[in-house]
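Trainee: How does the following fold in three dimensions:
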Amino acid sequence: MLAGSKTRSLKIVRKVMKINIPEIKDIIASILGLKSTANGKIQTIEKWVDEQRKNIRHHKQWVENKSDENDIKIITDLLPNLLMRSMRGEKGPLIEDELHKAINIKQDLNHDNYVSLLQRAGYRWGYQVGSQVMTDVVKIFENKYGWDFILYFEEAERHAEYNFQTDTLLKVKNIGFKVRDLALSNFNPNYVANDLHIVRTTTRIGLWNYGFDLLGDDSLEMGTNPSNGKNYLFLHKLVLKLSKFTDSEYSPVDIDRILWHFGRSICKAKPECSVCPINKQCLTGKNKN
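Mentor: Numbers count the residues shown, from 1 in each chain. Presented below is the predicted three-dimensional model:
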């Protein structure tokens, strides 16, 4: 290669590699007004975020005001999410409805009742599998915590930065980070059920570039598979970091909901970049323009 050609090639490489990473606050401001559909309901992403915040505040009241009635409310809120082995096509609302019908007092927490309600809900992974998960979860809260949910949620809060890897629930067969975090996200804003929507949107927009300095931690690995433990823990830390970049105006679960709804409404498997409000900020959108 001639010297002049080599110099021109290096200049091109430098030009291509020079990128401006989008600001998370600007991204959020641009997409909050978009409408998204979930469970047959249509509203703006901003309203979905407000709804989740109210949900967390409401659930925290159950924890703070201890009673047998509130214990049942908490366990029947946790269990449907802990049973969600797959987010796609799962019958979460049906399971939730059947739980609320079948479990009203602690004596209702028994194997035969679990089997019956899961059969009625059409639990896709098999009622015997699901009933074992429910049995193991209830035993943990009964035997380890003595039905004191304050102890459990305080423990979750103390270990939120590293995603509460010592949680006894994670030892239950068929419970992994994603479903455990989905359950916790209704009680603690620092837990995020990282899924393919979050992977897709953070990667396309360019927000993953904020995660390179996290890789000094050997327990993390930058990857696109939420089923991989190290990939998942990287995503958890990344979302916590993005939250800090908003001066904590938006919690990790706020950012999760914003990006999740954005991934369902605009940034789908086949993205609708031509109508996307951030196509001038998003690294993928700018490359397409």
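Trainee: And the helices in the stretch 1-150 of the chain?
Mentor: Remark: helices assigned in the stretch 1-150 of the chain by DSSP state H, counting those that start in this stretch are 3-17, 24-31, 45-64, 68-82, 92-102, 111-121, 127-139, 149-158.
Trainee: export those helices to JSON lines and tack on distance to residue 234 and mean neighbour count?
Mentor: C-beta: built from backbone N, CA, C; applies to glycine. Putting these into JSON lines (distance: least, Cβ to Cβ, whole Å; neighbours: other Cβ atoms under 10 Å) gives the following:
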{"stretch": "helix 3-17", "distance to residue 234": "22", "mean neighbour count": "9"}
{"stretch": "helix 24-31", "distance to residue 234": "17", "mean neighbour count": "18"}
{"stretch": "helix 45-64", "distance to residue 234": "23", "mean neighbour count": "16"}
{"stretch": "helix 68-82", "distance to residue 234": "22", "mean neighbour count": "19"}
{"stretch": "helix 92-102", "distance to residue 234": "26", "mean neighbour count": "17"}
{"stretch": "helix 111-121", "distance to residue 234": "34", "mean neighbour count": "18"}
{"stretch": "helix 127-139", "distance to residue 234": "27", "mean neighbour count": "18"}
{"stretch": "helix 149-158", "distance to residue 234": "20", "mean neighbour count": "16"}
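Trainee: Looking at the ones you listed, which is nearest to residue 164?
Mentor: helix 149-158 (5.2 Å; Cβ to Cβ).
Trainee: The closest one - contacts with which helices or strands?
Mentor: Counting by 3 or more Cβ pairs under 8 Å, 6 or more residues apart in numbering; DSSP states H and E, the packing neighbours recorded for helix 149-158 are helix 45-64.
Trainee: about what we covered before: got the helices of the stretch 1-150 of the chain as JSON lines, with mean pLDDT and distance to residue 183 columns?
Mentor: As requested, those are arranged in JSON lines below (pLDDT from 0 to 100; distance: least, Cβ to Cβ, whole Å):
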{"stretch": "helix 3-17", "mean pLDDT": "45", "distance to residue 183": "42"}
{"stretch": "helix 24-31", "mean pLDDT": "97", "distance to residue 183": "25"}
{"stretch": "helix 45-64", "mean pLDDT": "97", "distance to residue 183": "11"}
{"stretch": "helix 68-82", "mean pLDDT": "96", "distance to residue 183": "4"}
{"stretch": "helix 92-102", "mean pLDDT": "89", "distance to residue 183": "11"}
{"stretch": "helix 111-121", "mean pLDDT": "95", "distance to residue 183": "17"}
{"stretch": "helix 127-139", "mean pLDDT": "96", "distance to residue 183": "9"}
{"stretch": "helix 149-158", "mean pLDDT": "98", "distance to residue 183": "10"}
